[in-house]
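K.L.:
I would like to see how this sequence folds:
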Amino acid sequence: MLLIIEPAALGPAAGTPAAATAPGTAASKAPDDPRDRPKEPDDARDLPKTPDDSRERPKRHDESRGRPKTAEDPRGWPMRRGTLTALKKLSERGIQPALEGGSHPEPGIQALLEQEEISLADPDSKEWKDQPLERLRVAVSPDGSLILNKDGGITEDGGSAGEGAGKAQNDPGPSFPDWPALAAWLLGSRRTATRNRKTAETDISVRVNLDGTGKSRIDTGIPFYDHMLDQIARHGYMDIDVACRGDLEIDEHHTIEDTAIALGEAIGEALGDKRGIGRYGFAVAMDETRSLVAIDLSGRPWCVFEGTFRREKVGDFPTEMTSHFFHSLAMALKATLHVSVKGENDHHQIEACFKGLARCLRQAVDRNEYYLDILPSSKGML
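P.N.:
Below you'll find the predicted structure:
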């Protein structure tokens with residue numbers, strides 16, 4: 001991946017006064033350098049400190065010693081907060097920082113980058129121009145936040161962004177307050193997948209973002225089922241879009257089963273190589289109902305469902321399809337899934353199962369930034 005950075009994205013936030021160039025240069029001595037401190041008058045140093053004395057000692061300029069130099073501190077170096085750390089982490093993970101051809105950071109910033117052994121590529125050079133890399137662009141919005149866009153994206157009016165691709169005013173992408181947040185998103189929060197499944201019985205499109213915020217757009221033609229799938233998104237903090245056109249004139253079976261298969265396959269694809277994930281999840285109580293759900297993203301499909309229902313349907317959802325949904329999902333996701341539910345109200349029982357699944361999935365797919373390169377398996381594969 002090539003990360004094309006607008007030069008301003010390396011510098012101070014909008015409206016922030018920048019200090020001089022780089023450490024160790026004549027033009028950029030640190031403001032708290034003793035050589036830069038104004039001399040105090042001799043009589044000021046010798047003044048006795050008394051409670052009723054209205055004269056105060058002049059404040060020494062070394063009071064800022066030890067304070068972090070940030071973009072908000074006009075005495076700090078002209079770098080955005082966390083830029084060096086974030087760029088180093090990105091480059092170590094194979095994301096190559098780059099500047100547009102002809103663009104150069106100011107000398108002080110260049111010195112800091114070289115000091116940290118961070119190299120900036122020229123995306124128009126022969127080395128990078130013809131490589132089939134995903135290209136992302138970092139720009140600075142008017143409020144100083146960082147905007148991430150695909151290079152050569154599409155403008156809001158649907159046309160090609162062309163030369164202005166990636167600029168915040170043309171193709172607004174995700175926004176980040178600082179470089180650490182942008183780097184964390186790039187390294188750990190881009191697990192998305194789209195799955196399309198078309199048979200003679202159903203036509204299904206599923207899109208998942210494992211690191212979303214719980215948003216969903218669900219339309220299967222079965223309102224209660226839509227409500228249950230929304231529980232997975234909402235309580236699993238995933239973004240899930242599902243559109244299904246099935247043969248409901250026959251019955252609900254194919255729609256529920258095939259949607260579960262497509263959803264399981266999409267989650268499995270979004271997980272990638274599963275490095276850094278929790279792998280296991282377990283939880284949910286709901287009024288008089290208790291649902292226990294355990295999952296292992298093991299790559300070995302298995303499903304055990306324990307529970308009985310009194311009603312034939314809840315809304316337009318056949319209660320017998322509850323266990324079948326979990327079985328279909330587990331097989332497609334290649335996960336071991338155990339579900340046990342007890343209660344008096346069938347609506348509560350089914351909903352508790354779906355909510356329990358959501359919480360389990362959240363635990364199992366969560367990634368720890370400290371373990372991003374570790375596969376949670378003694379076998380060396382999942």
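K.L.:
CA only for contacts and neighbour counts going forward, please
P.N.:
OK.
K.L.:
Report the beta-bridge partners for residue 218.
P.N.:
Residue 218 has these beta-bridge partners by DSSP bridges: residue 242.
K.L.:
pLDDT value on it, please?
P.N.:
Looking at residue 218, its pLDDT is 97.
K.L.:
which ones are touching it?
P.N.:
Residue 218 makes contact with 226, 229, 230, 240, 241, 242, 243 under the criterion C-alpha atoms under 8 Å, 6 or more residues apart in numbering.
K.L.:
Which helix or strand contains residue 304?
P.N.:
Secondary structure assignment for residue 304, by DSSP states H and E: strand 302-306.
K.L.:
that older thread, which of the contacts of residue 218 has the most neighbours?
P.N.:
Comparing the contacts of residue 218 on neighbour count, residue 240 comes out first with 28 neighbours (neighbours: other C-alpha atoms under 10 Å).
K.L.:
Please tell me how far it sits from residue 335.
P.N.:
Distance, residue 240 to residue 335, using C-alpha to C-alpha, to the nearest Å: 19 Å.
K.L.:
Compute the number of surrounding residues for residue 257.
P.N.:
20.
K.L.:
repeat for residue 201
P.N.:
Counted with other C-alpha under 10 Å, residue 201 comes out at 15.
K.L.:
What segments of the stretch 51-200 of the chain are helices?
P.N.:
Ranges of helices in the stretch 51-200 of the chain, per DSSP state H, counting those that start in this stretch, are 83-92, 107-115, 126-129, 179-188.
K.L.:
Export the ones you listed to JSON lines and append columns for mean neighbour count, distance to residue 341 and mean pLDDT.
P.N.:
As requested, those are exported to JSON lines (neighbours: other C-alpha atoms under 10 Å; distance: least, C-alpha to C-alpha, whole Å; pLDDT from 0 to 100):
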{"stretch": "helix 83-92", "mean neighbour count": "18", "distance to residue 341": "45", "mean pLDDT": "88"}
{"stretch": "helix 107-115", "mean neighbour count": "17", "distance to residue 341": "57", "mean pLDDT": "84"}
{"stretch": "helix 126-129", "mean neighbour count": "11", "distance to residue 341": "56", "mean pLDDT": "80"}
{"stretch": "helix 179-188", "mean neighbour count": "17", "distance to residue 341": "34", "mean pLDDT": "82"}
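K.L.:
Mind putting those into CSV with distance to residue 317?
P.N.:
Below are the helices of the stretch 51-200 of the chain laid out as CSV (distance: least, C-alpha to C-alpha, whole Å):
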stretch, distance to residue 317
helix 83-92, 47
helix 107-115, 59
helix 126-129, 54
helix 179-188, 36
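K.L.:
quick revisit: got the contact list for the strand holding residue 304?
P.N.:
Defining contact as C-alpha under 8 Å, 6+ apart, one finds that strand 302-306 is touched by 323, 326-327, 330-331, 334-341.
K.L.:
average pLDDT for the following helix or strand past it?
P.N.:
Using DSSP H and E, the helix or strand that follows strand 302-306 in sequence is strand 313-314. For strand 313-314, mean pLDDT is 97.
K.L.:
What about the contacts of strand 302-306, which are in helices?
P.N.:
Mapping the contacts of strand 302-306 onto helices (DSSP state H) picks out 323, 326, 327, 330, 331.
K.L.:
Residue 291 and residue 130, how far apart?
P.N.:
54 Å.
K.L.:
Tell me which of the two has more neighbours.
P.N.:
Set side by side, residue 291 and residue 130 show more neighbours around residue 291, with 25 against 10, by other C-alpha under 10 Å.
K.L.:
Spit out the contact partners of the more buried one.
P.N.:
Residue 291 neighbours (C-alpha under 8 Å, 6+ apart): 283, 284, 285, 339, 340, 341, 342, 349, 352, 353, 356.
K.L.:
Secondary structure of it: a strand, I assume?
P.N.:
Yes: counting by DSSP: H, G, I helix; E, B strand; the rest coil, residue 291 is found in a strand.
K.L.:
Please report the distance of it from residue 180.
P.N.:
Taken as C-alpha to C-alpha, the span from residue 291 to residue 180 is 39 Å.
K.L.:
mind giving me the domain split of this structure?
P.N.:
The chain breaks down into these domains under automatic domain parsing: 1-188, 192-365.
K.L.:
for stretch 94-103, which positions count as buried?
P.N.:
For stretch 94-103, a neighbour-count test (16 or more other C-alpha atoms under 10 Å) marks 95, 96, 97, 98, 99, 100 as buried.
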